[in-house]
Structure formats: structure tokens, C-alpha cells
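Novice: Sequence and predicted structure are below.
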Amino acid sequence: MRRVLTTLCCALTAVLATAWDAQPPTQPGRPDAATTLRTHDGLVRGAAHDGYRTFEGIPYAAPPIGRLRWAPPQHAAPWHGVRDATRPSNACPQPAGEVPGGSTDEDCLRLNVTTPDGARPAHSRPVIVWLHGGGFTTGAGSSYDAHRMATRGDVVVVTVNYRLGALGFLAHSALPGSGTFGLADQQAALRWVRAEIGAFGGDAHNVTLAGESAGGYSVCAQLASPAAAGLFDRAIIESGPCTGRAGRPFAPSSVPLSTARTAGADLTAKVGCNSAHDVMRCLRRVSVARLLKAQATDQQPAYATPLLPRDPAAAIAGGRFHHVPVLLGNTHDEGNGWAAGIIRAGHPVTPDTWPDVAATFFPAAGEAKAIVRAYPVHPTDGGPVFGAVIGDADFACPTARTDTLLAAQVPVWRYEFADRHAPPLTPGTPPFPLGAPHASELPYLFDLGGRPRSLTAAQHRLANTMIDYWTRFAGTADPNGPSSPHWSRQTTQSLAPDHIVPTHTTQTRHHCTFWNALG
């Protein structure tokens with residue numbers, strides 16, 4: 001049973017990290033003369049919509065193909081004429097899932113810009129750069145329709161594709177930049193924003209780097225990366241706590257370079273390149289489809305590397321990170337989606353199976369027995385209990401720890417998204433009510449897949465309040481304003497429809513004293 005559950009856990013990690021129905025984007029708006037803008041690389045023509053404009057599929061780096069596969073991102077080549085930017089580019093290579101049919105297109109280092117319509121204000125608008133989640137194996141910037149955030153918050157939003165899976169994080173001793181190519185792509189996108197966003201009405205000196213799940217952990221990595229110095233001015237971390245670690249299988253984390261190289265050697269052997277005279281030349285000739293089939297389901301950036309010298313957790317604990325204001329948080333029921341998926345796949349969590357399930361996911365000596373005592377399972381509550389263990393261990397308590405470490409050095413605002421009736425992100429009826437699971441806050445900020453979720457009037461008000469908080473923070477480093485409930489830096493803001501209040505119970509509600517004692 002342990003082998004079955006471990007395999008299932010790995011498969012669900014990538015899928016549920018950005019769990020929603022795969023939806024095609026909405027139809028592009030109309031091309032218009034006013035949507036043609038000049039960048040340093042050439043003219044781009046976007047699309048005009050009702051109150052906003054979009055510019056999609058803009059290259060921020062050269063296609064990482066041929067000799068540039070597993071190389072640091074290079075500057076995109078300029079173009080002649082007007083580049084059509086009315087449709088998104090293909091997603092970076094990934095298996096089928098969030099992106100219908102997956103992708104094998106390596107020419108994917110593109111970004112999308114959403115900017116409010118109308119006359120440019122006296123001062124340029126704040127900029128939010130969004131890094132998608134997906135376990136470092138799936139996802140695309142174009143999945144996040146940001147027009148509500150852009151128009152209500154009067155900000156410019158940039159969503160980014162970056163290399164994923166083995167193409168983004170392969171490590172090999174013969175490969176400079178090993179284990180961090182996806183992070184290097186994010187930095188290249190940030191450099192593009194600093195250089196180009198003024199043409200879109202954005203303030204190049206007021207950039208907030210934001211992301212959720214693997215995207216949130218990417219923000220942590222950029223906070224800890226010396227190479228990201230000066231590339232952003234604030235940070236938003238959603239469900240990607242900086243103190244995540246590889247021993248917790250559901251939350252994103254980083255691994256030592258030595259561990260990443262072992263995984264790289266395994267992939268090299270699987271695709272038949274381990275005995276090649278020139279291993280890298282062999283690997284660069286392997287088809288994308290074959291690489292995707294051979295890569296491990298879980299991917300993590302590598303530390304002890306030039307781009308990421310230290311594990312972000314250690315860097316932040318030691319105060320060695322970029323000192324910018326931070327807004328961070330988690331959902332109330334982070335682990336319920338994974339627990340439901342495991343149960344739905346035919347592995348119930350009962351009083352009899354609970355000790356074995358706990359030992360599967362928490363194999364360190366003595367952990368499972370302690371967990372079973374602290375989280376007893378009864379005949380009718382196995383799913384929610386298992387979900388609480390995942391959420392508390394991997395998200396809520398590491399987020400609290402991240403908050404404590406950051407707040408000793410920089411201004412921090414922390415939230416917990418607690419709408420237990422949030423619209424479902426996956427089809428079908430779950431085996432138990434999911435509450436506010438991982439990624440459930442995203443439909444309040446974006447139209448995922450270009451289509452809005454059905455929200456009640458109270459949920460619409462919550463969505464507006466959250467957008468107000470996020471965009472005010474991006475503009476001023478403080479989420480507070482006259483139209484929203486006060487958010488104190490000393491407490492966690494609980495976000496639920498018509499019930500936005502500070503809470504002091506995070507530590508006890510999520511058993512953080514217990515998890516901190518386990519280490």
C-alpha cells in the first residue's frame with residue numbers, strides 16, 4: 001500500500017498544485033491602432049477589450065532550443081514589422097493536464113501584459129509580475145486572465161511562462177546553471193519588465209513579484225537569489241512557504257545540487273545518453289516527448305548553485321534575502337484536495353489504514369505514530385483529518401514560520417483564505433467537503449482559463465476586497481485603504497465572504513506547536 005500511495009501522491013502533486021478545469025482562453029479582443037506599442041525589440045500589436053488591453057506571447061528571451069536547451073536565457077532577437085500579440089503563445093513543454101493535450105513547444109519563453117485602457121495617468125502604474133504554480137512541471141502564464149486585477153486595481157499585470165520539468169531544472173556536472181534554468185527564466189522576464197514595461201504604462205521602479213504554489217516558492221527563491229537583486233520591489237507569496245522542504249511531499253521546495261544531479265543522472269540513463277561520448281549533445285537531441293515521459297513527476301530547483309547559493313529557508317533564517325515588503329498566506333484547508341484525490345483513487349483513510357497512510361507520507365522515525373496520536377481518525381472523518389495533516393504540516397505552519405522569519409527583517413502582511421464554499425476547481429463530487437483547498441483563492445483574483453467562476457454576491461465582494469488588498473500592496477507596500485477592513489501586520493487577516501477579520505488562532509488551529517516540535 002505504501003508504494004501505491006507514494007506513486008499516487010507524486011502524480012497528484014503536479015496536478016493539484018494548479019487544480020482547475022482546463023479551459024481554453026477567451027476569444028481575443030479586436031486589434032486596434034491604439035494597441036500597437038514599441039518595445040526595444042520591435043513593435044507589438046495587442047488587442048483592445050472593454051476597459052483594458054492585452055499583449056500576449058511577447059518573447060522575453062530567445063527560444064531555448066538546440067544549443068540553448070539547458071543554457072541560461074539569451075536575449076530575444078529583434079523583429080521587423082509589427083509582431084501580432086493578440087493570442088498567447090504555446091505553454092512550455094509539459095504533460096497533459098492544465099494545458100489541454102500538454103505541450104512540446106520549447107519556443108515558449110513568452111509573457112503576457114494586461115493593462116487598463118484609457119489615458120495614461122499622471123504617474124505610471126504599479127506592476128505585478130505573476131509566476132504560475134504547477135509543481136514546477138505544469139502551468140502557463142496565459143491560464144491567468146488578469147483583467148479584473150488590472151482594471152479594478154489600476155495596475156499592469158504581467159504573466160510569465162518559464163521552463164518546466166527536466167527542461168527547466170535538469171542538473172548535470174557538465175551543465176553550467178544546473179538545476180535553476182526555470183528560475184533564470186523568471187529573472188530574464190523581470191529584466192524585460194524593468195526595460196520595457198514603461199511602454200505599457202507600467203512603472204519599472206514599482207514591480208511586485210507574485211506567485212502561487214510553485215510560483216509562490218519561486219518568489220522565495222528569488223528573494224534568496226543574489227542574481228535577483230534590484231529586479232523587484234515587493235513580494236506576494238501564496239501557498240508556497242519559503243520554509244518548505246523536500247521531506248514534505250506536497251509543498252514545493254528546493255533540493256541540494258547533489259540530489260538534483262542524482263535525478264539528472266537517472267533521466268540521462270532513461271533516455272539512453274549515460275554512455276554517450278558527449279552526454280549533453282546526446283541529451284539535446286532527445287525529443288521533448290521522450291524527455292517528458294522520462295522525467296520525474298516532482299521537480300524542484302537546486303540550491304548550492306550560483307543562482308541559488310542557499311536553501312531559501314536557510315537564507316531567510318539568516319537574514320540573507322532581498323529586504324522588500326512581503327504579503328503572504330495560505331488557504332484554510334490546503335491539504336483537502338490531495339486527501340480527496342487519494343481517497344477517490346480507491347485508498348480510503350480509516351482508523352485501520354490511518355497508521356499506514358501516515359507512515360507513507362511522514363516516514364521519518366517516530367513521526368507517523370505522533371501524527372496518529374495528535375490527529376485521531378474516526379470512521380467518518382478520515383478524509384478531513386488527512387487533509388488537515390497535509391495542510392498543517394506542508395503549508396499553514398511553514399507559512400507561519402516564514403512570516404516570523406521575514407517579519408524580523410521586513411514589513412509582512414499575512415492572510416488565510418477561509419471561504420469554505422469557494423467554487424470547486426476540479427470536476428466531480430469530492431468524497432467530503434473540501435472547504436478552502438489549495439489554489440481556491442485564485443478565482444477571486446483571476447479568471448482562470450479565461451472564464452470566470454460562478455461567485456455569489458458575497459464572494460464577489462470578497463474578490464474585490466482581495467484585489468484591493470493585493471493591488472494597494474503592489475502600489476504602496478501597504479494593503480490598507482479606506483474601502484477595506486483594516487489589516488494589521490501583527491495578525492493574520494482571515495478572508496471569507498462578509499467576514500474579513502484578524503485572527504490570532506492560526507498556531508492552535510493548525511497544530512503548529514506540534515509540527516514545530518517535530519521539526
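Specialist: That came through, no problem. Numbering: from 1, shown residues only.

Novice: Would you mind identifying the next helix or strand past the longest helix anywhere in the chain?
Specialist: The single longest helix within the chain, with elements called by DSSP state H, is helix 457-476. Once the chain leaves helix 457-476, the next helix or strand it forms, by DSSP states H and E, is strand 492-495.

Novice: Would you give the sheet partners of that next one, along with the direction of each?
Specialist: strand 412-417 (parallel), strand 501-503 (antiparallel) (DSSP bridges).

Novice: next one: the shortest one to chain centre, how far?
Specialist: Taking the mean of its C-alpha atoms, strand 501-503 sits 25 Å from the chain's own mean (Cα atoms, centre = their mean, to the nearest Å).

Novice: same thing with stretch 108-123?
Specialist: Using Cα atoms, centre = their mean, the offset of stretch 108-123 from its chain centre is 21 Å.

Novice: will you turn the strands paired with strand 492-495 into TSV that also has mean pLDDT?
Specialist: Listed next are those as TSV, based on pLDDT from 0 to 100:
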stretch	mean pLDDT
strand 412-417	98
strand 501-503	89
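
Novice: Can you tell me which of those strands is packed in deepest?
Specialist: strand 412-417 (a mean of 24; mean count of other Cβ atoms under 10 Å). To be clear about C-beta, it is placed using only N, CA and C from the backbone, and glycine gets the same treatment.

Novice: Could you check the angle that strand makes with helix 457-476?
Specialist: For strand 412-417 against helix 457-476, the angle by axes from the mean of the first three to the mean of the last three Cα atoms, to 10 degrees is 160 degrees.

Novice: counting contacts, what elements does whichever helix or strand comes after strand 412-417 pack onto?
Specialist: Sequence order places helix 442-445 as the next helix or strand after strand 412-417, per DSSP H and E. Applying 3 or more Cβ pairs under 8 Å, 6 or more residues apart in numbering; DSSP states H and E, one finds that helix 442-445 makes contact with helix 457-476.

Novice: Kindly export the helix it packs on (C-alpha atoms) in PDB.
Specialist: Extracted in PDB, the C-alpha atoms of helix 457-476 (Å, rounded to 0.1, in the frame of the first residue of the first chain):
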ATOM      1  CA  ALA A 457     -22.700  38.400  -4.300                       C
ATOM      2  CA  ALA A 458     -20.800  38.000  -1.100                       C
ATOM      3  CA  GLN A 459     -18.000  36.200  -2.900                       C
ATOM      4  CA  HIS A 460     -17.800  38.900  -5.400                       C
ATOM      5  CA  ARG A 461     -17.300  41.400  -2.600                       C
ATOM      6  CA  LEU A 462     -14.600  39.300  -1.200                       C
ATOM      7  CA  ALA A 463     -12.900  39.100  -4.600                       C
ATOM      8  CA  ASN A 464     -13.000  42.900  -4.900                       C
ATOM      9  CA  THR A 465     -11.600  43.300  -1.400                       C
ATOM     10  CA  MET A 466      -8.700  40.900  -2.100                       C
ATOM     11  CA  ILE A 467      -7.900  42.600  -5.400                       C
ATOM     12  CA  ASP A 468      -7.900  45.900  -3.500                       C
ATOM     13  CA  TYR A 469      -5.600  44.500  -0.900                       C
ATOM     14  CA  TRP A 470      -3.200  42.900  -3.400                       C
ATOM     15  CA  THR A 471      -3.000  45.900  -5.700                       C
ATOM     16  CA  ARG A 472      -2.700  48.500  -2.900                       C
ATOM     17  CA  PHE A 473       0.200  46.500  -1.500                       C
ATOM     18  CA  ALA A 474       1.700  46.500  -5.000                       C
ATOM     19  CA  GLY A 475       1.300  50.300  -5.200                       C
ATOM     20  CA  THR A 476       2.300  51.400  -1.700                       C
END
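
Novice: which parts of it are buried?
Specialist: Buried residues in helix 457-476, defined by neighbour count with 16 or more other Cβ atoms under 10 Å: 459, 462-475.

Novice: follow-up on the earlier one: return the list of helices and strands in contact with the longest helix of the chain.
Specialist: By 3+ Cβ pairs under 8 Å, 6+ apart, helix 457-476 packs against strand 125-131, helix 147-153, strand 202-212, strand 234-238, strand 326-331, helix 442-445, strand 492-495.

Novice: For the strands paired with strand 492-495, could you give me a markdown table that also reports distance to residue 247?
Specialist: What follows is the strands paired with strand 492-495, written out as a markdown table (distance: least, Cβ to Cβ, whole Å):
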| stretch | distance to residue 247 |
| --- | --- |
| strand 412-417 | 24 |
| strand 501-503 | 28 |
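
Novice: Could you grab the helix/strand/coil label for residue 216?
Specialist: For residue 216, the assignment made with DSSP: H, G, I helix; E, B strand; the rest coil gives helix.

Novice: pretty sure it contacts residue 240?
Specialist: Yes - judged on Cβ atoms under 8 Å, residue 216 makes contact with residue 240 at a distance of 2.3 Å.

Novice: who touches both of these two?
Specialist: Common contact partners of residue 216 and residue 240 (Cβ atoms under 8 Å, 6 or more residues apart in numbering): 133, 252.

Novice: pLDDT weak spots in the chain?
Specialist: 1-33, 118-121 (pLDDT under 70).

Novice: Leaving out the residues flanking it, which one is nearest to the most centrally placed residue in it?
Specialist: Note on the chain: the residue nearest the mean C-alpha position is residue 215, at 2.2 Å, using Cα atoms, centre = their mean. Nearest non-adjacent residue to residue 215, counting by Cβ to Cβ, 6 or more residues apart in numbering: residue 131, 3.6 Å away.

Novice: circling back: residues touching the residue nearest to the centre of the chain, list them.
Specialist: Taking Cβ under 8 Å, 6+ apart, one finds 130, 131, 132, 133, 134, 139, 238, 240 in contact with residue 215.

Novice: Neighbour-wise, which one of the residues you listed leads?
Specialist: Among those, the one with the most neighbours (other Cβ atoms under 10 Å) is residue 131, at 33 neighbours.

Novice: So what sits opposite that one in the bridge?
Specialist: residue 160, residue 211.

Novice: and residue 258, how many residues sit next to it?
Specialist: By other Cβ under 10 Å, neighbour count at residue 258 equals 10.

Novice: Give the next helix or strand downstream of the helix or strand hosting residue 258.
Specialist: Using DSSP H and E, residue 258 maps to helix 257-270. Scanning forward in sequence from helix 257-270 by DSSP H and E, the next helix or strand is helix 279-285.

Novice: ok, and what's touching that following helix?
Specialist: So helix 279-285 is contacted by 66-67, 69-70, 170, 172, 174-175, 268, 271-273, 276 (Cβ under 8 Å, 6+ apart).

Novice: redo that, cut-off 6 Å
Specialist: In this structure, residues lying in contact with helix 279-285 by Cβ atoms under 6 Å, 6 or more residues apart in numbering are 69, 174, 273, 276.

Novice: And for stretch 423-438?
Specialist: Residues outside stretch 423-438 that contact it (Cβ under 6 Å, 6+ apart) are 19-21, 239, 331-334, 336-337, 340, 343-344, 383-384, 417-420, 422, 439, 443, 453-454.

Novice: Give me the buried subset of those.
Specialist: Using 16+ other Cβ under 10 Å, the buried ones in these are 19-20, 239, 331-334, 336-337, 340, 343-344, 383-384, 417-419, 422, 439, 443, 453.

Novice: can you give me the strands in the stretch 1-150 of the chain?
Specialist: Ranges of strands within the stretch 1-150 of the chain are 30-39, 42-48, 52-59, 82-84, 110-116, 125-131, 144-145, based on DSSP state E, counting those that start in this stretch.

Novice: List just the one of those strands that sits closest to residue 220.
Specialist: strand 125-131 (10.8 Å; Cβ to Cβ).

Novice: could I have that closest one exported to CSV, CA atoms only?
Specialist: The C-alpha coordinates for strand 125-131 follow below in CSV (Å, rounded to 0.1, in the frame of the first residue of the first chain):
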residue,chain,number,x,y,z
ARG,A,125,1.0,52.3,-12.8
PRO,A,126,2.4,49.7,-10.4
VAL,A,127,3.3,46.4,-12.0
ILE,A,128,2.5,42.9,-10.8
VAL,A,129,4.6,40.1,-12.3
TRP,A,130,2.8,36.7,-11.8
LEU,A,131,4.5,33.4,-11.7
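
Novice: what angle separates it from strand 202-212?
Specialist: Counting by the same axes, to 10 degrees, strand 125-131 lies at 30 degrees to strand 202-212.

Novice: I'm done for today, thanks for sticking with me.
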